[in-house]
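>>> Dropping a prediction and its sequence here:
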Amino acid sequence: MSQDNESELAPHPHQLRLWGTPGGLSFPSLCPNCGASAMQRITYSKVFRRVLDSDTPNSYVVTSVSVPFCDPCTAQHRAETPTPSIWITLLSSFGGGGDMIGAVVLGIAAAFTGYHAIAELLHLRLLNFVLLSVLTLVIGLFVRAQYKFAWQDTEYLRVPPQSRVTLAFDFSDSTGGAFESVLAAS
Ligand SMILES: [Zn+2]
């Protein structure tokens, strides 16, 4: 599920708010879930929805943070976050706004020309072999680019939900109100 605004942050009776970019934050070596000494980091992601206007389709941005947690909480997080099956992962790449079907169609075309290039080689028609090989290579480059775009466009579908452990350090993409706490305190 994508997050639309900051009010969707995980509720907690005690909150410490940090402002900054995910890569620019410095964390104390204390586990945010239990307060024990944090020895390793968990990297997890959230999906944020971008709405430009009513005529433009929504876009989704995946943002990741790497937060120190203690060993028992890390183990608990891993137990709560099952690895998705290869089939679910593959199917996800065909969803959303990506065009993985285009990559598959181009892949079939590359296989077709590649097959005929080999046939021409076996018949020693070298000019035809070279032409078909170049064509296969060009189509192959398109397949690679299309696959890459489609995989990136559907990344938001593969972000697993947060575990109870990572909810201890929830984050939003809110950039406004950086002086909010200062104003509230004065
Ligand atoms: Zn912990």
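Nice, I can see it.
>>> Poorly predicted segments of this protein, please.
Within the chain, the segments meeting pLDDT under 70 span 1-7, 96-98, 175-186.
>>> Name the residues of it found near the ion, please.
Neighbours of the ion within the chain, by CB under 5 Å from the ion: 31, 33-34, 36, 70, 73. In short, each C-beta sits where N, CA and C put it, glycine included.
>>> Mind picking the two most distant members of those?
By the measure CB to CB, Asn33 and Ala36 form the most distant pair in the residues of the chain next to the ion, at 8.6 Å.
>>> any common contacting residues for those two?
70, 73 (CB atoms under 8 Å, 6 or more residues apart in numbering).
>>> which one of the two has more residues nearby?
Using other CB atoms under 10 Å as the criterion, Asn33 and Ala36 rank with Asn33 on top: 23 against 14.
>>> so what's the more buried one up against?
Counting by CB under 8 Å, 6+ apart, Asn33 touches 69-70, 73, 165, 168-169.
>>> Of the residues you listed, which belong to helices?
Among these, DSSP state H puts Cys73 in helices.
>>> For the contacts of Asn33, give me JSON lines that also has neighbour count.
Shown next, in JSON lines, are the contacts of Asn33 (neighbours: other CB atoms under 10 Å):
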{"residue": "Phe69", "neighbour count": "26"}
{"residue": "Cys70", "neighbour count": "21"}
{"residue": "Cys73", "neighbour count": "23"}
{"residue": "Val165", "neighbour count": "26"}
{"residue": "Ala168", "neighbour count": "19"}
{"residue": "Phe169", "neighbour count": "21"}
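>>> Of all residues in the protein, which one is nearest the centre?
Glu155 (4.0 Å; CA atoms, centre = their mean).
>>> Would you confirm that that one contacts Val62?
Yes. Applying CB atoms under 8 Å, one finds Glu155 in contact with Val62, separated by 5.2 Å.
>>> circling back to that earlier point, please list all residues in contact with the residue nearest to the centre of the chain.
By CB under 8 Å, 6+ apart, the contact list for Glu155 reads Val62.
>>> Relative to the ion, how far out is it?
Note on Glu155: its distance to the ion, by CB to the ion, to the nearest Å, is 28 Å.
>>> re the thing from before, just the ones in strands from the residues of the chain next to the ion, please.
Per DSSP state E, strands hold no members of the residues of the chain next to the ion.
>>> ok, the nearest residue to Asn33 once chain neighbours are set aside - contacts?
Leaving aside its sequence neighbours, Asn33 sits nearest to Ala168 (CB to CB, 6 or more residues apart in numbering; 3.8 Å). Shown in contact with Ala168 (CB under 8 Å, 6+ apart): 12, 31-33, 73.
>>> Only the C-alpha atoms, please, for stretch 148-162, written as CSV.
Provided in CSV are the C-alpha atoms of stretch 148-162 (Å, rounded to 0.1, in the frame of the first residue of the first chain):
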residue,chain,number,x,y,z
LYS,A,148,14.9,-2.6,-17.2
PHE,A,149,12.3,0.1,-17.5
ALA,A,150,9.4,-2.3,-16.9
TRP,A,151,11.2,-3.8,-13.8
GLN,A,152,11.8,-0.3,-12.4
ASP,A,153,8.2,0.9,-13.1
THR,A,154,6.8,-2.0,-11.2
GLU,A,155,9.2,-2.0,-8.2
TYR,A,156,6.5,-0.5,-6.0
LEU,A,157,4.5,-3.7,-6.4
ARG,A,158,7.3,-5.8,-4.9
VAL,A,159,7.8,-3.7,-1.7
PRO,A,160,6.9,-6.0,1.3
PRO,A,161,4.8,-4.5,4.1
GLN,A,162,6.7,-3.3,7.2
